[in-house]
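Enquirer: sequence first, predicted coordinates after that:
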Amino acid sequence: SYMQAADQLKVVVMCGAGISTSAGIPDYRSAGGIFERMREEHPELAADNRPPEDLFSISHFRENPNDFLTRMKYMYTDLENVEPTRTHKFLRELEEKGMLLRVYTQNIDGLERKAGVSPEKLVEVHGTIQTVSGNDSKQPYSLDEFKEALREDKQDALFAKH
């Protein structure tokens, strides 16, 4: 039916955390989500009446880079065995049928890529954890090298390189 009419129907998709929650990735704002956990881990946020989003700000990163890198270490560990959901696979199917114009995603988990959606079709609004670059130099890191430094708690080596 509508999937057979690919030459007539073109689709732009805008998505967020909801397409990854069924893969076991928590969203940010719901009960038990990332921000709630961050409030528990960082009581100074409540004391200063600051939102948990502040922990993702560039100023927080510059002041506390190891805090951010510790979160990244856990994020990479959590995402290692996560598989794309039916929704991610549906996006790939739309592309295969020639129907997909673009996917705008707020997700950084890279599951759209892992499902097989072409990078040319993706706009990763908040970036992705599949690529890493120096904050000021914009020089790319090897993703494997970055993960290895995090696993071995060698974050200082990351700053020395860039």
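Expert: Done, it's in. A quick note: this is a predicted structure, and the numbers were derived from the prediction, not measured.
Enquirer: quick check: the residue nearest to the spatial centre of the chain vs residue 41, distance?
Expert: The residue lying closest to the centre of the chain (C-alpha atoms, centre = their mean) is residue 108, at 1.3 Å. For residue 108, the distance to residue 41 equals 19 Å [C-beta to C-beta, to the nearest Å]. C-beta here means a position set from N, CA and C on the backbone, and glycine is covered the same way.
Enquirer: where do the helices sit along this structure?
Expert: Per DSSP state H, the chain has helices spanning 34-41, 43-47, 58-63, 65-79, 86-96, 111-115, 143-151, 155-161. These are given in chain order.
Enquirer: so where's this structure uncertain?
Expert: 1-7, 45-46, 137, 157-162 (pLDDT under 70).
Enquirer: again, only this time at 80
Expert: Low-confidence regions of the chain, defined here as pLDDT under 80, cover residues 1-8, 28-29, 32-39, 41-56, 66-68, 70-71, 74, 77-78, 133-141, 153-162.
Enquirer: roughly how far does residue 145 sit from residue 29?
Expert: Using C-beta to C-beta, residue 145 is found at 33 Å from residue 29.
Enquirer: and what of residue 20?
Expert: 14 Å.
Enquirer: of those two, who's got more company?
Expert: Neighbours around residue 20 and residue 29, counted as other C-beta atoms under 10 Å, are more numerous at residue 20. The numbers are 25 against 12.
Enquirer: OK, contacts around that one?
Expert: Taking C-beta atoms under 8 Å, 6 or more residues apart in numbering as the criterion, residue 20 is in contact with 27, 82, 85, 88, 107, 109, 111.
Enquirer: now do 7 Å
Expert: With contact taken as C-beta atoms under 7 Å, 6 or more residues apart in numbering, residue 20 is in contact with 85, 107, 109, 111.
Enquirer: same check on residue 155?
Expert: If you count contacts by C-beta under 7 Å, 6+ apart, residue 155 has them with 66, 69, 149.
Enquirer: which one (most neighbours) among the contacts of residue 20?
Expert: In terms of neighbours by other C-beta under 10 Å, these top out with residue 111 at 25 neighbours.
Enquirer: fine, thanks again, bye for now.
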